Each structure stands twice: as C-alpha cells, then as structure tokens.
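1. One predicted model, sequence on top.
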Amino acid sequence: MSNAEMIQKNRETIEAIYAAYKGSDYEKILSLCDPKVTFQVPGKSRVAGKYDRSTFISGLITKLKELSGGKYTLDIHDILVSDRHAVALGTAKFTHGTEPAEYRTVQVWRIENGKPVAWYEYPRDLYQFDAIWS
C-alpha cells in the first residue's frame, strides 16, 4: 500500500470512529481499533486515567455520561492525518450541574498497521478541564 493510500485509509478509519461516537456506537469504535488500544485522559479529574478496551465503555464513557447528565457532545472541527497519526480538533459541550459548559480539545491517535493503538486527550486549558470534570 502506498503512503497516500495508507493516509486515506487512516482518515476513513478515524472519521468512522467519530461517526460511531456521534451515534453512541461504542462497540463499533472498539472494532475499528487494535485489540491493545488504550485511551488516556490527562489531569486529576474524575475522568482522568488510562483506559483499555475492557474499561473504555464501563469506565470512560460511563463517567462522561454520568458527569454530564448524559448531554456530552463532541463537535469535531478538523481531522489531520498521516501514515502514523491522526489529530482531531474539537469542542466538547455538555451540562455541568445546571450550567452549560464547553472546552476546546485536541485528540491525538497513534496508528500502527492501519489500526489505532492509542488515543490521547489534550484539552486547551487543563485547569478548566479538571474543574469541569471534578
């Protein structure tokens, strides 16, 4: 496979992951990733930590739903892709208590052999991120 074909395949995979996320199809997300995929959230909030395939839904997704009252959405503005990485620029929106909240974020995917093996969240303001999710 040429480099350009690999980049296109990676773009399609990452776009499919975000489409599945938007549709709450978390099993689909996992099916598009490598079996050893990890998801890492920085900081000291209640969602911070490292999640794997077995804790992605029961850990990370469940916490996001509980802490946002089930109203968490992620608007992706742009996706940048290479043969080894993808970067998604987005805005997370939800309700924190009774108040609307949002933060800008960068999500980085590491890709090996055409499958995502790691995802990292990088909020623009980690102090705000920790305060919102604490």
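-> That came in fine, so what should we check first? Numbering: from 1, shown residues only.
2. Could you list the buried residues of the helix or strand where Tyr120 lies?
-> For Tyr120, the host element (DSSP states H and E) is strand 115-123. Under the neighbour-count criterion of 16 or more other CB atoms under 10 Å, strand 115-123 has 116, 118-121, 123 buried. The C-beta positions use only the backbone N, C-alpha and C, and glycine is treated the same way.
3. Could you tell me the model confidence score at Leu126?
-> Confidence at Leu126, expressed as pLDDT, is 96.
4. what's the answer for Thr105, then?
-> Value listed for Thr105 in the pLDDT field: 98.
5. again with the one 10 residues further on
-> Here, the pLDDT recorded for Lys115 equals 97.
6. how far away is the nearest residue to it once chain neighbours are set aside from Ala131?
-> Distances taken as CB to CB, 6 or more residues apart in numbering place Asp34 nearest to Lys115, at 3.9 Å, with adjacent residues excluded. According to CB to CB, to the nearest Å, Asp34 stands 33 Å off from Ala131.
7. send the alpha carbons of the strand holding Tyr120 over as PDB?
-> Provided in PDB are the C-alpha atoms of strand 115-123 (Å, rounded to 0.1, in the frame of the first residue of the first chain):
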ATOM      1  CA  LYS A 115      -5.400   0.400  13.300                       C
ATOM      2  CA  PRO A 116      -5.500   3.000  16.100                       C
ATOM      3  CA  VAL A 117      -3.500   1.700  19.100                       C
ATOM      4  CA  ALA A 118      -3.600   4.800  21.400                       C
ATOM      5  CA  TRP A 119      -5.800   7.900  21.900                       C
ATOM      6  CA  TYR A 120      -4.700  10.900  23.900                       C
ATOM      7  CA  GLU A 121      -6.800  13.900  25.000                       C
ATOM      8  CA  TYR A 122      -5.200  17.300  25.200                       C
ATOM      9  CA  PRO A 123      -7.600  20.000  26.500                       C
END
